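Asks: coordinates only, sequence not included:
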RNA sequence: GGCGGCAUAGCCAAGCGGUAAGGCAGAGGUCUGCAAAACCUUUAUUCCUCGGUUCGACUCCGAGUGCCGCCUCCA
């Protein structure tokens, strides 16, 4: 396969074949990614409404855009990432009422929970997290502008966007104004001229939270906050706007309508939408009672396990979630971690200076080629609309090749591994680490990284030492007891030529 | 009803005009005190069905079947 590189270049005929290609929901095709301004990317992702616990669906969405963001940065772009919090909304008001608390308290509680879980999932922080309630002024400005231009009308203090005035309406969702199933009647007292019209501003009823506006006290409609906040932080045209597939209609369609009517500029260059999480092939919803919250999942499963599961499917495909799947993919993830641990062990035990310089063996040269190949394939996969399942394939190839190398060049030899061999293995470690980081996966499983576990690490060292002493004396009774007792605690010991490693089941 | 998506081995999942990546599970073998891990071999003459285009189709076109999502809050 030494000629592989030559083959590859001959396959790539045009320059435009190279470079990052992204599927754009607006044009429904993959396009070469070119931001407006050379290496700067402005990216907006619809955030959560903070009224309830985070679930797997949220996790998938934000992991998806986290990986996209990480890859853009890896590709040398400077990304300005904006993600909002909807902290005023009917559901928050409802919940506050139920619990007899202030809406602010509710919003803060779930905002904190959001960060707690997203941190566990290693989702990088956005550049800004604007909140709807802190941008009422900006929203009012846009609404007023839309009124002035004749795109909106006032009906008893409610301001509606008049959809028929915007000729491009439906260009994202393919939805026409008359496409509804006939059920949608104009609500009697709303004052809407057409069922398709949507609220920019809602006048408030007594006791509801309200802000002053030129049209009387009220609160913003759902869609306007995203237009106001995205344009405030990213300008009139965003490079990327992301969100879940369910947001395409009406939310994103309405964002386009109001933003473009107001700014007279294209609102978004690339629209990205992640696929949904289903449970037993059905949509996850409260009414079906099949919601998996992150809190529950993290009780028994590590965050990287969940993240890894998301990576096994393309971000635009639907993903069926289940605990069984989570366990299955853990085995795959462990395969990578097993190798990392093993390499570390070999490097630790190697004779540092050994015999000084010597020629690389054929096996070492071949491994180095495979490292480069894996990296190139990984990048090509990610360049193709962030194809993580394909990218994972290149990682697994590298893992297998490295294991084979270890088997032949390390395990098979009596003498200690010398510096030339460890240098090659170290390269694997570096590249593996780099790719894992790109996918947001920790290089060390999180179970061993928190504070309490630090002690555990030391204790495990002592235990394995004692056990290995017993083994050296062929005292299998004691050594096997230690192993089986640990096993019942969920800790698995693995004896290698170079020493013993352990991991959680 | 309108709009959109998907159908690839036991399961998950890439590929989308040049003859089926990868992972899990299974089987056999190697290594090992045993176990685990790891490695090797093996598991789709075939990609929902039927037509068509083509030298050639899982990949393109048409029809059909079956699932799913959106059209109401939603990642």
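Replies: Perfect, I can see it now. None of the values given here were measured: they were computed from a predicted structure. Numbers count the residues shown, from 1 in each chain, chains lettered A, B, ... in the order given.
Asks: And the pLDDT at the residue of the stretch 151-300 of chain A found nearest RNA strand B?
Replies: Per Cβ to the nearest atom of the strand, residue A:244 is where the stretch 151-300 of chain A lies closest to RNA strand B, at 2.2 Å. For glycine as for every other residue, the C-beta is placed from the backbone atoms N, C-alpha and C. Among the per-residue scores, residue A:244 holds a pLDDT of 95.
Asks: Show me how chain A divides into domains.
Replies: Domains of chain A are assigned by automatic domain parsing as A:20-274, A:450-505.
Asks: Would you tell me which one of those domains is buried the most?
Replies: Neighbour counts (mean count of other Cβ atoms under 10 Å) averaged over each of these peak at domain A:20-274, with a mean of 18.
Asks: re the thing from before, and the nearest residue in space to the residue of the stretch 151-300 of chain A closest to RNA strand B that is not next to it in sequence, how far from residue A:315?
Replies: Setting aside the residues directly before and after it, residue A:244 is nearest to residue A:61 in space (Cβ to Cβ, 6 or more residues apart in numbering), at 5.2 Å. Counting by Cβ to Cβ, to the nearest Å, the gap from residue A:61 to residue A:315 is 9 Å.
Asks: Also residue A:81?
Replies: From residue A:81 over to residue A:315 (counting by Cβ to Cβ), the distance is 16 Å.
Asks: what does stretch A:476-492 contact?
Replies: Residues from elsewhere that reach stretch A:476-492, judged by Cβ atoms under 8 Å, 6 or more residues apart in numbering: A:460, A:463, A:466, A:467, A:468, A:470, A:471, A:493, A:502, A:503, A:504, A:505.
Asks: list the contacts for the second one?
Replies: Counting by Cβ under 8 Å, 6+ apart, residue A:463 makes contact with A:482, A:486.
Asks: same check, this time on the first one
Replies: Shown here is residue A:460, whose contacts under the criterion Cβ under 8 Å, 6+ apart are A:491, A:502.
Asks: ok but it is inside a helix, no?
Replies: Yes - per DSSP: H, G, I helix; E, B strand; the rest coil, residue A:460 lies within a helix segment.
Asks: What's the separation between it and RNA strand B?
Replies: From residue A:460 across to RNA strand B, the span is 14 Å (Cβ to the nearest atom of the strand, to the nearest Å).
Asks: So for the residue of the stretch 1-150 of chain A found nearest RNA strand B, what's the pLDDT?
Replies: RNA strand B sits closest to residue A:57 of the stretch 1-150 of chain A, with a gap of 2.4 Å, by Cβ to the nearest atom of the strand. The model reports residue A:57 with a pLDDT of 96.
Asks: Am I right that it is in contact with residue A:278?
Replies: No - the criterion here is Cβ atoms under 8 Å, and residue A:57 misses it with residue A:278 at 9.3 Å.
Asks: Need the residues touching each of those two.
Replies: The contact sets of residue A:57 and residue A:278 overlap at residue A:284 (Cβ under 8 Å, 6+ apart).
Asks: which stretches of the stretch 101-250 of chain A form strands?
Replies: Per DSSP state E, counting those that start in this stretch, the stretch 101-250 of chain A carries strands over the ranges A:152-155, A:158-161, A:198-203, A:218-220, A:238-244.
Asks: So which bits of the stretch 351-500 of chain A are right by RNA strand B?
Replies: Proximity of the stretch 351-500 of chain A to RNA strand B, by Cβ under 7 Å from any atom of the strand, involves residues A:384, A:387, A:389-390, A:392-393, A:396-397, A:399-400, A:403-404, A:406-407, A:411, A:471, A:476, A:479-480, A:483, A:492-496.
Asks: Could you tell me which of those are located in strands?
Replies: Among these, the ones falling in strands (DSSP state E) are A:492, A:493, A:494, A:495, A:496.
Asks: Using CSV, lay out those residues together with pLDDT and distance to residue A:212.
Replies: Putting those into CSV (pLDDT from 0 to 100; distance: Cβ to Cβ, whole Å) gives the following:
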residue, pLDDT, distance to residue A:212
A:492, 94, 63
A:493, 95, 67
A:494, 94, 66
A:495, 94, 72
A:496, 91, 70
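Asks: residue ranges with poor pLDDT in chain A?
Replies: Under the criterion pLDDT under 70, the flagged ranges of chain A are A:1-17, A:177-190, A:351-357, A:414-415, A:447-452.
Asks: if we can go back for a sec, what residues are shared contacts of residue A:61 and residue A:315?
Replies: residue A:274.
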